[in-house]
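Colleague: Build me a model:
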Amino acid sequence: MSNKQSTRRSFIKSAAAVGFGFSIVPAHVLGGTGRTAPSDMINLGFIGTGKQARGLLGRFWDKANVIAGADVDLNKLHYFHSLLEKNYAAARKDGRNNSFKGFTSYDNYKEILQRKDIDAVVIATPDHWHAMQAIEASNAGKHVYCEKPLAHTVEEGRAMVKAARKNKIVFQTGSMQRSNRNFRHACELVRNGYLGKIKEVIVTVGDQGVPYNLPAKPLRAGLNWDAWVGPAPYNEFNPELAPPVEQDIFPNWRNFKEYGGGYIADWGAHMFDIAQWALGMDESGPVKLIPPPGKTPKGLQLIYENGIVMKHEDFGRGQGVRFIGENGRLDISRSILDSDPANITSAVIKPGETRLYDSQDHYYDWLNAIKDGSKPICDVEIGHRTSTICNIANIAYWLNRPLDWNPAKEKFSNDAEANTMLKPMFREGWALPAI
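Modeller: I've put the predicted structure just below:
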């Protein structure tokens with residue numbers, strides 16, 4: 001089917017065909033009750049209710065009031081709703097306090113943004129939707145938790161920062177490794193010189209994004225494919241991009257440059273983020289990118305102004321980061337924290353040495369920041385700088401030539417073609433929202 005044939009009317013008809021027992025309610029029917037007081041539970045809306053959102057629901061449902069969700073896939077939206085109901089039913093049975101206010105489902109996220117009783121939104125959609133939804137949420141005065149990688153392109157990421165700052169909203173990026181003790185300890189060891197002067201950083205993550213190349217398949221009931229594609233280049237449906245909810249797997253849209261950035265962006269948003277944190281580069285980045293000879297999937301060098309070389313290579317221990325300094329080597333991942341010599345990682349940070357933001361819980365951290373008006377541990381600027389590394393790394397691989405990057409101007413200084421790739425690949429009729 002073409003992108004012109006998938007209309008809102010036909011989508012609602014398909015919802016009826018799959019027999020769901022819940023209704024899509026326009027926001028204006030509900031009215032508004034005003035914002036909750038800072039001392040009360042925060043009212044959340046979820047934009048995107050797929051596999052990643054279901055994981056986030058488990059983190060948020062007992063910390064805030066999850067009262068709305070929006071998705072272009074009614075099957076996933078219905079399942080999300082049922083999980084939420086089960087959580088609250090179990091809480092009531094156990095005698096735990098809860099303040100479930102009911103849940104309303106929407107096929108259009110914009111209706112969540114119109115609700116005055118919703119304080120904040122959790123965005124867990126494919127990468128190509130992040131900027132559009134986060135900017136509109138910021139403009140609506142909603143605080144934002146947005147999944148990583150934050151932005152699909154550098155231009156989109158900077159626009160997200162501008163929108164958050166202009167509207168004075170609290171914006172947390174879903175790079176939750178910053179709220180893990182081992183990752184924080186590793187970064188504090190690097191910051192305080194326990195490895196000596198850092199010479200090299202090796203980041204092991206997957207490969208770059210590739211052009212979309214999947215064949216068209218029959219569209220399943222309940223999915224508005226045109227709305228799923230949204231601002232991105234239009235391609236016909238394939239279930240690899242949006243698998244049915246029954247499969248309970250992470251979709252493969254992240255492999256394709258039109259919708260994601262490959263695993264160099266997906267896992268890179270975790271591991272490049274830790275490298276940036278350890279190096280004290282949260283508001284900057286590398287200045288030169290040198291791809292390997294030929295069309296090899298790894299081997300890119302990212303060089304910082306201070307001479308540190310960060311390499312996209314495999315050091316043989318899964319997804320992680322290796323720091324190599326004058327005094328030894330330190331490896332960190334979700335399953336390891338060790339060093340050579342071993343006494344580096346067992347060291348205790350001394351009084352007076354640099355300590356990094358200590359967040360015990362990435363999700364509470366955001367909610368608490370909303371209440372006290374502070375910046376969370378992975379503020380939008382940090383998320384943008386990390387996704388920028390992922391984006392420019394992809395560009396260097398795609399063009400297969402050295403690039404000079406200016407992190408202050410967020411432009412390449414030696415390549416006009418590369419600069420065109422900093423902008424989103426929107427299809428006709430789409431543009432970023434005004435800020």
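Colleague: all helices of the stretch 151-300 of the chain, in order?
Modeller: Listed in chain order, the helices of the stretch 151-300 of the chain (DSSP state H, counting those that start in this stretch) span 154-167, 181-191, 225-229, 262-266, 268-279.
Colleague: Comparing these, which comes out most buried?
Modeller: Mean neighbours per residue, mean count of other Cβ atoms under 10 Å, is largest over the helices of the stretch 151-300 of the chain for helix 268-279, with a mean of 26. Backbone N, C-alpha and C define where each C-beta goes, glycine included.
Colleague: Next, the angle from that one to helix 181-191.
Modeller: In terms of direction (axes from the mean of the first three to the mean of the last three Cα atoms, to 10 degrees), helix 268-279 departs from helix 181-191 by 40 degrees.
Colleague: between the helices of the stretch 151-300 of the chain, which gets nearest to Gly373?
Modeller: Closest to Gly373 of those is helix 154-167 (Cβ to Cβ; 13.1 Å).
Colleague: contacts for that closest one?
Modeller: Helix 154-167 has contacts (Cβ atoms under 8 Å, 6 or more residues apart in numbering) with 130-131, 134-135, 138-139, 141, 144, 146, 150-151, 171, 380-381, 383-384, 387-388, 391-392, 410, 422-424, 432-433, 435.
Colleague: In helices, which of those fall?
Modeller: Counted as lying in helices by DSSP state H, out of the contacts of helix 154-167, are 130-131, 134-135, 138-139, 380-381, 383-384, 387-388, 391-392.
Colleague: so who does Gly69 touch?
Modeller: By Cβ under 8 Å, 6+ apart, Gly69 lies in contact with 45-47, 49, 53, 77, 80-81, 103-106, 112.
Colleague: Show me the two of the residues you listed that sit farthest apart.
Modeller: Largest separation among the contacts of Gly69 by Cβ to Cβ: Ala53 and Thr104, giving 15.7 Å.
Colleague: sorry, back to before: tell me which of the contacts of Gly69 fall in strands.
Modeller: When DSSP state E defines the strands, the subset of these inside them is 45-47, 104-106.
Colleague: So, low pLDDT: which residues of this protein?
Modeller: 1-39, 97-99 (pLDDT under 70).
Colleague: in stretch 188-202, what's buried?
Modeller: By 16 or more other Cβ atoms under 10 Å, the buried positions in stretch 188-202 come out as 188-191, 194-195, 198, 201-202.
Colleague: Check stretch 110-124 too.
Modeller: Buried positions in stretch 110-124, judged by neighbour count with 16+ other Cβ under 10 Å: 111-113, 115, 117-124.
Colleague: The residues you listed into TSV, with extra columns for distance to Ala89 and secondary structure?
Modeller: TSV is the format used below for those (distance: Cβ to Cβ, whole Å; DSSP: H, G, I helix; E, B strand; the rest coil):
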residue	distance to Ala89	secondary structure
Glu111	26	helix
Ile112	24	helix
Leu113	29	helix
Arg115	24	coil
Asp117	23	coil
Ile118	23	coil
Asp119	24	coil
Ala120	24	strand
Val121	24	strand
Val122	21	strand
Ile123	27	strand
Ala124	23	coil
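Colleague: you'd agree Pro407 is up against Pro286?
Modeller: Yes. Between Pro407 and Pro286 there is a contact under Cβ atoms under 8 Å: 7.4 Å.
Colleague: Look at those two and report which has more neighbours.
Modeller: Pro286 (25 against 18; other Cβ atoms under 10 Å).
Colleague: Quick check: nearest residue in space to that one, chain neighbours excluded?
Modeller: Excluding the flanking residues, the one nearest Pro286 by Cβ to Cβ, 6 or more residues apart in numbering is Leu302, at 3.9 Å.
Colleague: Could you verify my assumption that the one you found touches Leu289?
Modeller: Yes. With contact defined as Cβ under 8 Å, Leu302 counts as touching Leu289 (5.5 Å).
Colleague: Could you name every residue contacting both of these two?
Modeller: Ala393.
Colleague: roughly how far apart are the residue most central in space within the chain and Gln52?
Modeller: Compute the mean C-alpha point of the chain, and by Cα atoms, centre = their mean the closest residue is Lys148, 1.6 Å away. Going from Lys148 to Gln52 by Cβ to Cβ, to the nearest Å gives 10 Å.
Colleague: ok, now Trp253?
Modeller: The value you get for Trp253 to Gln52, if Cβ to Cβ is used, is 12 Å.
Colleague: and the two? which has more neighbours close in?
Modeller: Applying other Cβ under 10 Å to Trp253 and Gln52 shows that Trp253 carries more neighbours, namely 21 against 18.
Colleague: Spit out the contact partners of that one.
Modeller: Taking Cβ under 8 Å, 6+ apart, one finds 126-127, 240-242, 259-260 in contact with Trp253.
Colleague: By neighbours, which of those residues wins?
Modeller: Asp127 leads those on contacts (other Cβ under 10 Å) with 27 neighbours.
Colleague: okay but it is in contact with Gly260, surely?
Modeller: Yes. When contacts are counted by Cβ under 8 Å, Asp127 is listed as touching Gly260 (4.7 Å).
Colleague: residues bridging contact with the two, i.e. touching both?
Modeller: The contact sets of Asp127 and Gly260 overlap at 152, 253-254 (Cβ under 8 Å, 6+ apart).
Colleague: And these, which is closest to Ala342?
Modeller: Arg254 (36.3 Å).
Colleague: tell me the contacts of the residue nearest to the closest one when sequence neighbours are not counted?
Modeller: Closest residue to Arg254 apart from its sequence neighbours, by Cβ to Cβ, 6+ apart: Gly260 at 3.6 Å. Residues in contact with Gly260, defined by Cβ under 8 Å, 6+ apart, are 126-128, 152, 209, 253-254, 266.
Colleague: I'd like to know which of those residues is nearest to Lys298.
Modeller: Gly209 (14.2 Å).
Colleague: Please verify my assumption that that closest one contacts Asn394.
Modeller: Yes. Gly209 is in contact with Asn394 according to Cβ under 8 Å; the separation is 5.7 Å.
Colleague: Now the common contact residues for these two.
Modeller: Common neighbours of Gly209 and Asn394 (criterion: Cβ under 8 Å, 6+ apart): 257, 261-262, 264-265.
Colleague: before we move on, back to that, among the contacts of Gly260, give me the pair with the biggest separation.
Modeller: Pairwise distances across these peak at 13.2 Å for His128 and Asp266 (criterion: Cβ to Cβ).
Colleague: Let me see the domain layout of the protein.
Modeller: According to automatic domain parsing, the chain comprises the domains 14-177, 180-209+263-354+382-420.
Colleague: Kindly present these as CSV, with separate columns for distance to Pro215.
Modeller: What follows is the domains of the chain, written out as CSV (distance: least, Cβ to Cβ, whole Å):
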stretch, distance to Pro215
domain 14-177, 19
domain 180-209+263-354+382-420, 19
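Colleague: Cool, thanks, talk later.
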